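Q: The sequence and its predicted three-dimensional model are supplied below.
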Amino acid sequence: MILVFGGTTEGRCAAEVLEVAGKPFYYSTKTGEQHISLHHGVRIDGVMNGNAMCAFCREHQIRLIVDAAHPFAATLHQTIAEVVSLLQIPLIRYDRIYPPRDPDIEWIDDYGQVPSNMHSLLATTGVQSIGKLKWLESKGVKVIYRILNRDSSIALAYQQGATDDQLCFYEDGNTIDVDAEAILLKESGITGGFMEKVAEARRRGMHIIALKRPEINYQLSTDNGSLSSDNGSLSLDNGSLLTLNSQLSTVNGPHGLRRMVEKLLPDFFPMKTGLTTGACATAAVKAALLSLMGEESDEVTFALPDGETLSVPVRVERLGVASVVKDFSDDPDVTRGCTITAEVRFTDSTSIRFLQGEGVGVVTLPGLGLPVGEPAVNLTPRRMIETTIRQLTDRGCDIIISVAHGEEIAQKTFNSRVGVVGGISIIGTSGIVSPLSNEAFIESVRREMEVAQAIGCVEIALVSGKTSEDALCRESNIRCIHYGNFVGEALKAASKLGFRHVVLAIMIGKAVKLAEGHLDTHSHKVTMNKDFIQRMLDEAHVAVDLSSITLARELWKAIPQNKLHDFVSTMIRHCEEHCRPLVPNSILTIRLIDDNGKIYEI
């Protein structure tokens with residue numbers, strides 16, 4: 001069983017990750033005031049001291065703790081450290097992503113360092129900080145406290161001496177509607193809206209003061225036979241040294257959390273995720289570059305496109321050369337277990353070039369977004385690699401990616417049909433390979449829908465990937481569920497659960513297959529049919545020469561703009577013919593998403 005300490009955005013995300021497994025877990029908050037609906041998770045609320053937490057873990061056979069609590073919840077972090085040390089339970093810290101500290105902000109370590117040479121201050125540091133800031137009032141500073149508009153917070157504010165004219169409430173967390181000379185913020189990270197608050201304060205000309213986040217230190221020592229905290233004590237062997245290095249793992253996003261749970265509790269998720277070739281290549285490049293800079297490691301950390309960081313085992317082969325073995329997911333990816341090697345060479349220029357490596361294909365046709373003659377390292381992996389390099393050096397670099405037995409592996413793919421010859425492509429838009437091939441994945445889609453239904457969703461969006469999800473989320477907060485290639489199974493599941501409105505977001509590569517009636521769009525099952533596309537073009541009265549088209553995405557440029565709506569409407573109607581019978585009692589909306597995230601619909 002897993003115990004999650006939440007009450008935060010990270011806690012909510014952790015619950016969503018674990019819900020997909022379809023197995024029970026416990027979700028704990030301090031006050032019970034966070035709005036979160038759980039399907040498989042069991043909610044528990046209230047403060048646990050050390051003894052209570054220890055007893056709970058023993059009674060419920062807790063095998064893993066996820067600490068996704070607020071970074072400023074120092075007492076809770078300390079108590080968790082004591083319990084996992086005593087019971088020898090693995091611990092995952094789900095941390096936030098923090099932007100670099102802006103030197104134009106005044107950073108402080110504690111409330112006693114807030115400057116008092118101002119007329120007025122808006123404090124957004126929470127109701128529990130009111131008592132710690134009252135001293136400013138005695139210095140003549142007018143302090144306005146921004147708190148949550150709920151009875152418990154207002155009562156606590158009064159207890160600490162705040163008056164009605166000193167209180168304002170969160171309506172929109174990123175809007176500032178109080179005139180004050182300065183603002184006091186907590187370093188709350190990206191999910192805490194820190195950057196948005198800073199931007200709004202600057203727009204209003206306010207001096208910005210930020211309380212640094214405390215360093216969460218899970219290392220404890222004792223010399224008297226017990227661990228004491230403010231809210232309980234746990235008995236340990238006399239003079240024991242408690243270090244959690246072997247028990248502690250840190251993640252800062254959903255992919256890292258799932259991968260760590262898969263590692264620590266292999267039986268929790270029915271299927272295992274993996275890394276894309278692009279993620280592996282990025283890790284190898286970083287290890288190779290670090291070796292040139294005098295650093296060698298058997299593990300490196302790099303950022304995924306969404307900003308989340310992952311740590312990956314690496315092997316430094318020699319100076320400037322490192323490799324990564326692509327880990328095994330439960331997807332039938334032909335590159336599972338292959339070795340991806342990166343060589344980095346410094347140059348006299350300031351640019352980053354990708355040179356041809358053995359086992360990586362060469363682009364021979366347009367349409368992939370890469371110049372003909374370039375190595376087939378796709379755009380997202382290139383951006384990941386370039387970002388990783390620029391975080392370490394401004395020097396010019398030549399990058400050579402190679403894949404052991406890549407040419408042989410490529411024969412099991414459709415690379416040659418899209419103009420990539422001589423090896424595989426280095427690909428991946430998210431950095432993560434989700435298992436897409438069998439009933440277990442389809443079941444995970446159903447579980448996500450059950451969770452959506454449990455939290456009250458009457459409409460859902462079925463999305464093909466990150467681009468389509470981002471496009472929809474820019475318009476609304478609709479719940480998005482990835483269907484992989486299983487359009488038909490996802491629609492059937494949505495119908496069975498009775499969703500009133502189903503939005504199907506699809507990109508053109510899958511859409512041309514769906515329009516022909518293929519409800520499983522995996523490239524191993526079906527490829528683009530030019531003859532059928534030609535029939536749709538004729539039906540829409542659009543004249544396009546398809547002889548040089550190798551990828552469906554090329555149609556966006558090939559079709560004249562004044563005819564694009566006609567073709568899109570025709571293709572969506574064909575998709576609807578095959579999809580509507582699967583959701584007879586739901587409103588179905590099909591939206592076609594282009595490579596830039598633009599939405600098309602009838």
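A: Perfect, I can see it now.
Q: max-length helix in the protein?
A: Counting residues, the longest helix found in the chain (DSSP state H) is helix 561-579.
Q: can I see the domain layout of the chain?
A: Taking automatic domain parsing as the criterion, the chain consists of the domains 2-97+218-264, 106-211, 274-433, 439-600.
Q: Make JSON lines from these and add mean neighbour count and mean pLDDT to it.
A: (Glycine included, C-beta is placed from N, CA and C.) Formatted as JSON lines, the domains of the chain follow (neighbours: other Cβ atoms under 10 Å; pLDDT from 0 to 100):
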{"stretch": "domain 2-97+218-264", "mean neighbour count": "18", "mean pLDDT": "83"}
{"stretch": "domain 106-211", "mean neighbour count": "16", "mean pLDDT": "90"}
{"stretch": "domain 274-433", "mean neighbour count": "19", "mean pLDDT": "90"}
{"stretch": "domain 439-600", "mean neighbour count": "18", "mean pLDDT": "89"}
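Q: for the longest helix of the chain, the distance to its chain's centre please.
A: Offset of helix 561-579 from its chain centre (Cα atoms, centre = their mean, to the nearest Å): 32 Å.
Q: cool, stretch 551-561 as well?
A: Computed by Cα atoms, centre = their mean, the chain-centroid distance of stretch 551-561 equals 31 Å.
Q: Please enumerate residues in contact with it?
A: 366-368, 418, 507-509, 511-512, 528, 533, 537, 542, 544-546, 549, 564, 567, 594-595 (Cβ atoms under 8 Å, 6 or more residues apart in numbering).
Q: let's see it at 10 Å
A: 365-369, 417-419, 507-513, 528, 530, 533, 536-537, 540, 542-546, 548-549, 564-568, 571, 594-596, 598 (Cβ atoms under 10 Å, 6 or more residues apart in numbering).
Q: What about the residues you listed, which are in strands?
A: The strands, defined by DSSP state E, take in residue 507 from the contacts of stretch 551-561.
Q: Just the ones in helices from the contacts of stretch 551-561, please.
A: Within the contacts of stretch 551-561, residues falling in helices by DSSP H are 508-513, 530, 533, 536-537, 564-568, 571.
Q: Check those residues against residue 396 and report the nearest one.
A: Nearest to residue 396 among those is residue 509, at 34.9 Å by Cβ to Cβ.
Q: Could you check how far the residue nearest to the closest one when sequence neighbours are not counted is from residue 516?
A: Leaving aside its chain neighbours, residue 509 sits nearest to residue 552 (4.5 Å; criterion: Cβ to Cβ, 6 or more residues apart in numbering). To residue 516, residue 552 is 12 Å away according to Cβ to Cβ, to the nearest Å.
Q: where along the stretch 251-400 of the chain do the strands fall?
A: 274-275, 299-303, 309-313, 315-318, 321-325, 339-347, 352-355, 362-363, 396-403 (DSSP state E, counting those that start in this stretch).
Q: can you list these in JSON lines and add distance to residue 40?
A: Output for these, formatted as JSON lines (distance: least, Cβ to Cβ, whole Å):
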{"stretch": "strand 274-275", "distance to residue 40": "24"}
{"stretch": "strand 299-303", "distance to residue 40": "31"}
{"stretch": "strand 309-313", "distance to residue 40": "26"}
{"stretch": "strand 315-318", "distance to residue 40": "39"}
{"stretch": "strand 321-325", "distance to residue 40": "33"}
{"stretch": "strand 339-347", "distance to residue 40": "36"}
{"stretch": "strand 352-355", "distance to residue 40": "44"}
{"stretch": "strand 362-363", "distance to residue 40": "45"}
{"stretch": "strand 396-403", "distance to residue 40": "39"}
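Q: For residue 381, find the nearest of those.
A: Proximity to residue 381 (Cβ to Cβ) singles out strand 396-403 among the strands of the stretch 251-400 of the chain, at 8.6 Å.
Q: ok, then the element right after the closest one?
A: Counting by DSSP states H and E, the element after strand 396-403 in chain order, helix or strand, is helix 406-410.
Q: helices or strands up against that following helix?
A: Counting by 3 or more Cβ pairs under 10 Å, 6 or more residues apart in numbering; DSSP states H and E, the packing neighbours recorded for helix 406-410 are strand 420-421.
Q: what pairs with the strand it packs on, and is each one parallel or antiparallel?
A: strand 362-363 (antiparallel) (DSSP bridges).
Q: Need the residues that contact the strand it pairs with.
A: Counting by Cβ under 10 Å, 6+ apart, 356, 369-378, 418-423, 425 sit against strand 362-363.
Q: how far away is residue 509 from residue 265?
A: Residue 509 is 36 Å from residue 265, where distance means Cβ to Cβ.
Q: An error on my part: the question was meant for residue 577.
A: 44 Å.
Q: on that earlier part again, and which of the ones in helices among the contacts of stretch 551-561 is nearest residue 343?
A: Of all the ones in helices among the contacts of stretch 551-561, residue 343 sits closest to residue 509, with 32.1 Å by Cβ to Cβ.
Q: Can you tell me how far the closest one is from residue 217?
A: Here residue 509 is placed at a distance of 48 Å from residue 217 (Cβ to Cβ).
Q: now do residue 74
A: 10 Å.
Q: now residue 209
A: Per Cβ to Cβ, residue 209 is found 24 Å from residue 217.
Q: again, but for residue 311
A: 20 Å.
Q: same thing with residue 270?
A: Here residue 270 is placed at a distance of 36 Å from residue 217 (Cβ to Cβ).
Q: Which residue of these two possesses the greater neighbour count?
A: Comparing residue 270 with residue 217 by other Cβ atoms under 10 Å, the one with more neighbours is residue 270, at 18 against 11.
Q: Contacts only, for the nearest residue to residue 189 once chain neighbours are set aside.
A: Of all residues not flanking residue 189 in the chain, residue 96 sits nearest, at 3.3 Å (Cβ to Cβ, 6+ apart). By Cβ under 10 Å, 6+ apart, the contact set of residue 96 is 8-10, 68, 70-71, 187-192, 194, 213, 252-253.
Q: Might one say that residue 187 is in contact with residue 100?
A: No: judged on Cβ atoms under 10 Å, residue 187 makes no contact with residue 100 at a distance of 11.2 Å.
Q: re earlier: residue 282: which of the ones in helices among the contacts of stretch 551-561 is nearest?
A: Closest to residue 282, out of all of the ones in helices among the contacts of stretch 551-561 and judged by Cβ to Cβ, is residue 509, at 24.0 Å.
Q: Residue 464 is in contact with the closest one, correct?
A: Yes: in this structure, residue 509 is within contact of residue 464 by Cβ under 10 Å, at 8.7 Å.
Q: what residues do the two have in common as contacts?
A: Shared contacts of residue 509 and residue 464, counting by Cβ under 10 Å, 6+ apart, come down to residue 521.
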